[in-house]
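Colleague: Kindly return the folded structure for what I paste below:
(one chain, ligands or ions: 2)
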Amino acid sequence: MVNPANVDAVVLVGGMGTRLRPLTLSAPKPMLPTAGLPFLTHLLSRIADAGIEHVVLGTSYKAGVFEAEFGDGSKLGLQIDYVVEDEPLGTGGGIANVASKLRHDTAVVFNGDVLSGCDLRALLDSHSENQADVTLHLVRVGDPRAFGCVPTESDGTVTAFLEKTQDPPTDQINAGCYVFKRSIIEQIPTGRALSVEREVFPLLLAEGRKVCGYVDSTYWRDMGTPEDFVRGSADLVRGIAPSPALTHQRGEKLVHDGASVAPGALLIGGTVIGRGAEIAGGARLDGAVIFDGAKVGAGAVIERSIIGFGAHIGPRALIRDGVIGDGADVGARCELLRGARVWPGITIPDGGIRFSTDI
Ligand code: GDD
Ligand code: MG
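Modeller: Ligands and ions are numbered 1, 2, ... in the order given. Sure, this is the predicted structure:
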């Protein structure tokens, strides 16, 4: 058994990912409100819940925003150190860069954009029982091409690490959470950008290090795309995704203080209404994420979509699987479907875009 108090957590945030960029400009992605809390709060509270006490947050950008929110970590029962990269160092460089802040011989490294229910104590125990150099949390997904594919032998030994390959040999993928022996982290080259997935893991396998997989089937979602962000948020609201940080009653909707929802508006599917947002009568919101100060007009329909801070959606507009940027104004009766993105501050006049001819 491993005592989690003798383990460091390393959380990676930043980097070059741009997939959510048009979503909202008001907050860095890991700080976006997710079921009412900055996204990272869910991960940090899970780390604290497992009994880990010391966290190093390795970031390549906007470190001040994280520090302003989480401070020394004491509110979450953690001690948080911050390490900032001058230039993005990639996932491997980001891990190597925190080495001097580690206090213990074992570290769990987390991709900062994953919502997961993995049992961290069980992961640590599996690492120690196998006397592994590195243990990777692995999950099975429908389409492994967007992830790191990680085949294993029947005893869990990892045989290859194939990052984002077109023809993955298995549906078992890297879940973005690894237990490392500290000595392995100290051997990662420093001073240059490198990828843990494309360089470090393949090298460790080539060197014959003991790299093991820990497979489970708990909740797991990478929140990096708008579609996943919307689903993950709804799953938190409905109680499908676990988070020790959430204390409110789980259900079909989460309406923040200071929001106004007219009688006759229908909120379902894990919809979140931010502070100061206004929802008019007859609106139907299903799995919607409405950020603070947004306004939704009478009879509008919003499904599986994100409405940015202070954006306006006109009466009887339809937004399905869309992302409306901060402060954008979508006119009455507009229809935006199938991944449509409206950039922050853009105005679309009443009836200005439709996917059907009926008025
Ligand atoms: N500090 C720091 N510096 N963090 C970084 C950097 C960097 O230069 N680059 C990326 N990160 C952080 C991201 O913020 C994210 O939390 C994590 O590292 C992974 O980066 P993504 O850009 O989200 O990668 P991905 O989702 O395409 O793929 C990764 O995650 C998958 C699981 O969600 C890989 O690890 C895959 O193998 C894995 O399957
Ligand atoms: Mg990701």
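
Colleague: Next up, the contacts around the nearest residue to residue 258 once chain neighbours are set aside.
Modeller: Closest residue to residue 258 apart from its sequence neighbours, by Cβ to Cβ, 6 or more residues apart in numbering: residue 275 at 4.5 Å. In this view, the C-beta of every residue, glycine as well, is placed from N, C-alpha and C. Remark: with contacts taken as Cβ atoms under 8 Å, 6 or more residues apart in numbering, residue 275 is in contact with 256, 257, 258, 259, 292, 293.

Colleague: Which helix or strand contains whatever residue of the stretch 151-300 of the chain ends up closest to ligand 2?
Modeller: The minimum distance from the stretch 151-300 of the chain to ligand 2, using Cβ to the ion, falls at residue 224 (3.8 Å). For residue 224, there is no enclosing helix or strand under DSSP states H and E.

Colleague: Now do it: how many residues are near it, please.
Modeller: Using other Cβ atoms under 10 Å, residue 224 is surrounded by 18 other residues.

Colleague: Could you tell me whether the residue nearest to residue 258 really is in a strand?
Modeller: No: counting by DSSP: H, G, I helix; E, B strand; the rest coil, residue 275 is located in no strand; its state is coil.

Colleague: Can you read off the pLDDT for it?
Modeller: Per-residue pLDDT puts residue 275 at 95.

Colleague: Domain parsing of the protein, as residue ranges.
Modeller: Here the domain parsing of the chain from automatic domain parsing is 4-229+233-238, 252-348.

Colleague: In JSON lines, list those along with distance to residue 245.
Modeller: As requested, those are exported to JSON lines (distance: least, Cβ to Cβ, whole Å):
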{"stretch": "domain 4-229+233-238", "distance to residue 245": "4"}
{"stretch": "domain 252-348", "distance to residue 245": "13"}
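
Colleague: who wins for proximity to ligand 1 among the ones you listed?
Modeller: domain 4-229+233-238 (2.1 Å; Cβ to the nearest ligand atom).

Colleague: Between the two ends of the closest one, how far is it?
Modeller: In terms of Cα to Cα, to the nearest Å, the two terminal residues of domain 4-229+233-238 are separated by 29 Å.

Colleague: and it, how far out from the chain's middle?
Modeller: 11 Å (Cα atoms, centre = their mean, to the nearest Å).

Colleague: Any residue of that domain touching ligand 1?
Modeller: Yes: interface with ligand 1: domain 4-229+233-238 contributes 12-17, 58-60, 85, 88-91, 94, 111-114, 147-148, 163, 173-174, 176, 197, 222, 224 (Cβ under 6 Å from any ligand atom).

Colleague: Filter those down to just the buried residues.
Modeller: Buried members of those, counted by 16 or more other Cβ atoms under 10 Å: 12-15, 58-60, 85, 88-91, 94, 111-114, 147-148, 163, 173-174, 176, 197, 222, 224.
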